[in-house]
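Novice: sequence and predicted model, in that order:
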Amino acid sequence: MKNRKLLSPHTIIFLVLILAAIGTWILPAGKYDAISYSDGKFLIEGPKNTETKPATQETLDELGIRIELSKFTNGDIFKPVTVPNTYQRMEKKPQGLIAIFLAPIKGMIEAADIIILVLIIGGFIAVFNESGVLEIGIASLTQKLQGKESVLIVLLLILMAAGGTSFGMSEETIAFYPVLVPAFLIAGYDLLIPIAVVFVGVHIGQMASTTNPFASIIASDTAGVSWTTGIIVRFIALGTTLILSGIYIIRYGSKVKKNPELSLVTKLQGKTASPFKMEHKEGVNLDFKNSLLLIIFLSTFIIMVIGVSKYGWWMEEMSAIFLASSILSAFIMRIKESDFIKTFIQGAADLIGVSLIIGIARGVTIIMNDGLIIDTILHSASGWVEGMPPFLFVVSLMLVFFVLTFFISSSSGLAVVSMPIMSGLGVIANVPAETIVTAYLFGTGMMFMIAPTGMILPSLAMVNVTYSTWIKFLWPLLAMLAVMSAILLYADLYLI
């Protein structure tokens with residue numbers, strides 16, 4: 001198996017895009033009505049026309065939408081919400097060859113903010129690498145943790161899970177790999193450990209979302225229940241999944257440290273170099289200037305996290321803070337303007353491949369939306385779980401959300417289109433809305449760990465790990481998380 005030619009992440013996601021296009025020729029086209037709030041009125045957009053209705057609670061009740069009016073008027077719900085029982089078949093809109101090649105371009109335009117962030121992070125890391133202080137900082141950290149490297153895994157796993165559960169940290173994790181990959185490699189681990197710590201950590205946090213506005217809060221709002229209802233089982237889920245994931249990653253890491261030949265990266269990919277090379281620079285020490293550079297470097301990440309979690313920053317602000325830090329660092333390092341530009345551009349160029357993956361992945365959703373098959377998939381999934389007994393219903397619903405996340409790789413996007421329908425089915429199945437929200441969180445959190453349409457392929461591309469290697473590593477943990485989720489859903493239904 002070693003040195004076998006493997007498909008690149010770009011090829012994998014492009015094949016997924018082609019399969020999505022084929023699906024538009026095979027699956028029936030259809031669409032639900034969608035309701036949104038604008039200028040004091042409700043706009044109800046159907047497949048053929050759009051009508052306005054008074055923005056009242058009575059209007060929502062008539063449409064079978066169990067959402068408080070205030071959630072629309074105060075901006076908590078800002079995306080169109082699916083209207084239950086309005087699915088209509090439509091004339092097929094199959095997506096052909098031209099659409100397939102247009103989709104990645106449209107995807108890159110839609111995901112321009114994420115792509116810009118990735119490119120600026122590349123430039124930011126390249127500028128700091130010029131100073132040599134990153135190598136010193138990482139070497140110092142690993143030296144202090146020598147023999148206690150598992151502590152670093154536990155701490156980072158907790159921090160990532162905290163970001164996932166509290167404010168839905170996801171795309172911004174891209175910024176951590178250039179620092180963590182060299183640190184874990186110097187500590188004797190392989191390339192899988194840094195991506196496992198970051199990606200698994202963030203998504204077990206999202207599985208057990210507490211205050212995450214893009215998952216638990218918007219899903220609860222669209223299900224017609226307070227986000228604090230059911231929070232006990234989510235805190236229990238956060239603790240249990242952290243322990244399970246921590247044990248799994250530490251055991252794998254210890255095995256690799258003792259015998260590097262047991263690394264899945266080595267077994268499946270052969271010898272794979274780090275994508276982030278730390279060049280040793282003679283005479284570099286932690287004098288005042290270099291200490292200041294390290295402070296700026298660390299402060300950039302701290303400011304980013306605080307800005308996103310407390311002040312609602314998003315891609316533009318995050319990109320700006322990395323750009324500002326790059327310029328400030330170049331000034332302190334006294335790099336010539338021409339050298340700074342050259343270094344920054346080269347660093348950005350190193351991540352163009354990652355940016356392309358993000359655009360192609362967004363193109364998959366565009367193909368399915370334009371081909372009118374996403375609502376068809378949702379309609380079929382809701383029919384599959386209808387009429388089941390409570391526990392079977394909620395476990396099956398978790399699997400449904402797991403599958404739907406492959407097609408709708410946005411936690412808030414999936415919530416507003418699916419939750420009004422699934423919460424209505426929950427009333428018939430005698431399942432509380434908060435348990436349906438928990439099933440949604442479990443299903444989406446697990447799929448986000450492997451969905452090619454999400455952030456996993458760009459992350460793997462940054463770390464030089466193939467998708468097949470990641471699946472080989474993750475599937476036992478994913479199976480254990482699924483079993484644990486089913487147990488917690490049972491407890492949520494009957495014990496808590």
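Specialist: Received, thanks.
Novice: helix or strand right after the least confident helix or strand in the chain by mean pLDDT?
Specialist: Least confident helix or strand of the chain, by mean pLDDT, DSSP states H and E, is helix 133-144 with a mean of 66. Sequence-wise, the next helix or strand downstream of helix 133-144 (DSSP states H and E) is helix 149-167.
Novice: show me how far whichever helix or strand comes after that next one is from its chain's centre.
Specialist: Per DSSP H and E, the first helix or strand lying C-terminal to helix 149-167 is helix 177-186. Relative to its chain's centre, helix 177-186 lies at 21 Å (CA atoms, centre = their mean, to the nearest Å).
Novice: any buried residues in helix 177-186, and which?
Specialist: Using 16 or more other CB atoms under 10 Å as the burial criterion, the residues of helix 177-186 that qualify are 177-186. (Glycine included, C-beta is placed from N, CA and C.)
Novice: now that helix against helix 149-167, angle please.
Specialist: Here the directions of helix 177-186 and helix 149-167 differ by 160 degrees (axes from the mean of the first three to the mean of the last three CA atoms, to 10 degrees).
Novice: hey, C-alpha coordinates of helix 177-186 in CSV?
Specialist: Taking Å, rounded to 0.1, in the frame of the first residue of the first chain, the C-alpha atoms of helix 177-186 are listed here in CSV:
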residue,chain,number,x,y,z
TYR,A,177,-1.7,24.4,11.2
PRO,A,178,1.5,26.3,10.2
VAL,A,179,2.4,26.5,13.9
LEU,A,180,1.1,23.2,15.2
VAL,A,181,2.5,20.9,12.4
PRO,A,182,6.2,21.7,13.1
ALA,A,183,5.6,21.6,16.9
PHE,A,184,4.1,18.1,16.8
LEU,A,185,6.6,16.8,14.3
ILE,A,186,9.5,18.0,16.5
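Novice: who are the packing partners of whatever helix or strand comes next after that helix?
Specialist: Scanning forward in sequence from helix 177-186 by DSSP H and E, the next helix or strand is helix 192-195. Applying 3 or more CB pairs under 8 Å, 6 or more residues apart in numbering; DSSP states H and E, we find helix 192-195 packed against helix 177-186, helix 231-258, helix 456-463, helix 467-494.
Novice: what mean pLDDT does helix 192-195 get?
Specialist: When pLDDT is averaged along helix 192-195, the result is 93.
Novice: so what touches it?
Specialist: With CB atoms under 8 Å, 6 or more residues apart in numbering as the test, helix 192-195 has contacts from 153, 176-177, 180-181, 183-184, 249, 252-253, 256, 263-265, 459-460, 463, 465, 469-470, 473.
Novice: which SSE is immediately downstream of that helix?
Specialist: Downstream of helix 192-195, the next assigned helix or strand under DSSP H and E is helix 201-207.
Novice: in that next one, what counts as buried?
Specialist: 201-207.
Novice: could you export the residues you listed as a markdown table, including distance to Leu293?
Specialist: Shown next, in a markdown table, are the buried residues of helix 201-207 (distance: CB to CB, whole Å):
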| residue | distance to Leu293 |
| --- | --- |
| Gly201 | 27 |
| Val202 | 27 |
| His203 | 32 |
| Ile204 | 33 |
| Gly205 | 31 |
| Gln206 | 33 |
| Met207 | 37 |
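Novice: what's the closest of the residues you listed to Ala111?
Specialist: For the buried residues of helix 201-207, the minimum distance to Ala111 (CB to CB) is 18.6 Å, reached by Val202.
Novice: from Ala237, how far off is that closest one?
Specialist: Applying CB to CB, to the nearest Å, the value for Val202 to Ala237 is 15 Å.
Novice: now the phi/psi pair for the most centrally placed residue in the chain, please.
Specialist: Nearest to the geometric centre of the chain sits Ser170, at 4.4 Å (CA atoms, centre = their mean). Note on Ser170: backbone dihedrals following degrees, to the nearest 10 are phi -150, psi -80.
Novice: of the contacts of helix 192-195, grab the buried ones for ChimeraX.
Specialist: Selection of the buried residues among the contacts of helix 192-195 in ChimeraX, burial being defined by 16+ other CB under 10 Å:
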select :153,176,177,180,181,183,184,249,252,253,256,263,264,265,459,460,463,465,469,470,473
